[in-house]
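Asks: what follows is a protein structure lacking sequence information:
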Ligand SMILES: Cc1ncc(C[n+]2csc(CCOP(=O)(O)OP(=O)(O)O)c2C)c(N)n1
Ligand code: SF4
């Protein structure tokens, strides 16, 4: 008797999509570039959180890192902006349609060098978006010059030594008003995965600085953004676990050793303490720990700061829930009476 074998149905997420629905084009970055690992984590996180790719607006600037959005979620909208100008494009997109999930993926050069002005103003607005810096300390695309996140004393392949102090984008973001600020390493699959899921659940500006080695120009002895340096100097603040609101959040909770932060949608960000006194809701704590780590030449990773309750820019300006392009004329054109009242107030 003939037997029939059936292939098992592919695994789907809560909106019925498979992980293949979250993939993008084939990468053209160098084999082993940290940026490729980050793209993989983005694919997994958006798949697991069940976010429809069509709801996502990918934005970037210029650089190898800024090419990354081409390698994940090809069904999402995408905009490759001018160098260092991604924040203003993202701000415009979110203002025009607040239902979008804005995901900025860019480099340390794009952010901390040419784009520092735009970065600063984005962080102080708490605009709901996820901003990922793929941080390799160099301008990979233009053959490896130092960027503004390069550490003092780090050495280029050519022997040139950086003498300028680095900009710590995380410390800056916390100080300015971003409401979820974290640092990870492209090689730390588990930590980055949990962080990205928490970022998707967060409402407000998320800044994740991911140390992402450039294997072609900055992965040698003397670099402080190499795979070896990170292996020897990474200091995780805590173990991170994230449980989305749509899962049973009662399991796996050990109150004696964990801090649990409830995100605005009810999801739980759990930080199992490696350090007894670390409180991620304190700005002061976060800035102090970052400064101490710098003095000790450690690369501290983890969620430094989270505040799920701060009002976002959209709430501050009382932005309409509907996408601007869908508003009918009678909702965008002020009535004669409203115009007359404005004129009266100006007299
Ligand atoms: C206005 C402008 N200035 C300079 C450049 C040249 N340029 C292209 S990419 C880049 C730096 C990219 O570095 P980073 O953002 O760190 O990305 P990576 O390539 O390292 O991922 C520079 C300076 C440019 N494209 N446009
Ligand atoms: S040059 Fe560096 S940053 Fe660019 S793709 Fe290659 S390894 Fe990555």
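Replies: Received it, and whenever you're ready, just let me know what you need. Model, not experiment: these values are computed from the prediction. Ligands and ions are numbered 1, 2, ... in the order given.
Asks: dump the residue contacts of the closest residue to ligand 2 within the stretch 201-347 of the chain.
Replies: Of all residues in the stretch 201-347 of the chain, residue 214 sits closest to ligand 2, at 3.2 Å by CB to the nearest ligand atom. C-beta: built from backbone N, CA, C; applies to glycine. When contacts are counted by CB atoms under 8 Å, 6 or more residues apart in numbering, residue 214 touches 30, 33-34, 64, 136-138, 140, 144, 225.
Asks: one more pass at 6 Å, please.
Replies: The neighbourhood of residue 214, defined by CB atoms under 6 Å, 6 or more residues apart in numbering, consists of 136, 138, 140.
Asks: the closest residue in space to residue 119 that isn't next to it in sequence and ligand 2, how far apart?
Replies: What sits nearest to residue 119 in space, not counting adjacent residues and going by CB to CB, 6 or more residues apart in numbering, is residue 111, at 5.2 Å. Noted for residue 111: a distance of 14 Å to ligand 2, by CB to the nearest ligand atom, to the nearest Å.
Asks: next, give phi and psi for residue 111.
Replies: With angles defined as degrees, to the nearest 10, residue 111 sits at phi -90, psi -60.
Asks: touching, it and residue 117? I think so.
Replies: No. Using CB atoms under 6 Å, residue 111 is not in contact with residue 117, being 10.7 Å away.
Asks: between these two, which one's more packed in?
Replies: The residue with more neighbours, out of residue 111 and residue 117, is residue 111; 33 against 11, by other CB atoms under 10 Å.
Asks: after the helix or strand where residue 331 lies comes which helix or strand?
Replies: Per DSSP states H and E: residue 331 is located in helix 329-332. Next helix or strand after helix 329-332 toward the C-terminus (DSSP H and E): helix 336-346.
Asks: for stretch 296-316, what is the distance to the chain centroid?
Replies: Centroid separation for stretch 296-316 versus its chain: 11 Å, with CA atoms, centre = their mean, to the nearest Å.
Asks: residues from this structure in reach of ligand 2?
Replies: Residues of the chain lying close to ligand 2 by CB under 6 Å from any ligand atom are 29-30, 33, 35, 64, 136, 140-141, 214-217.
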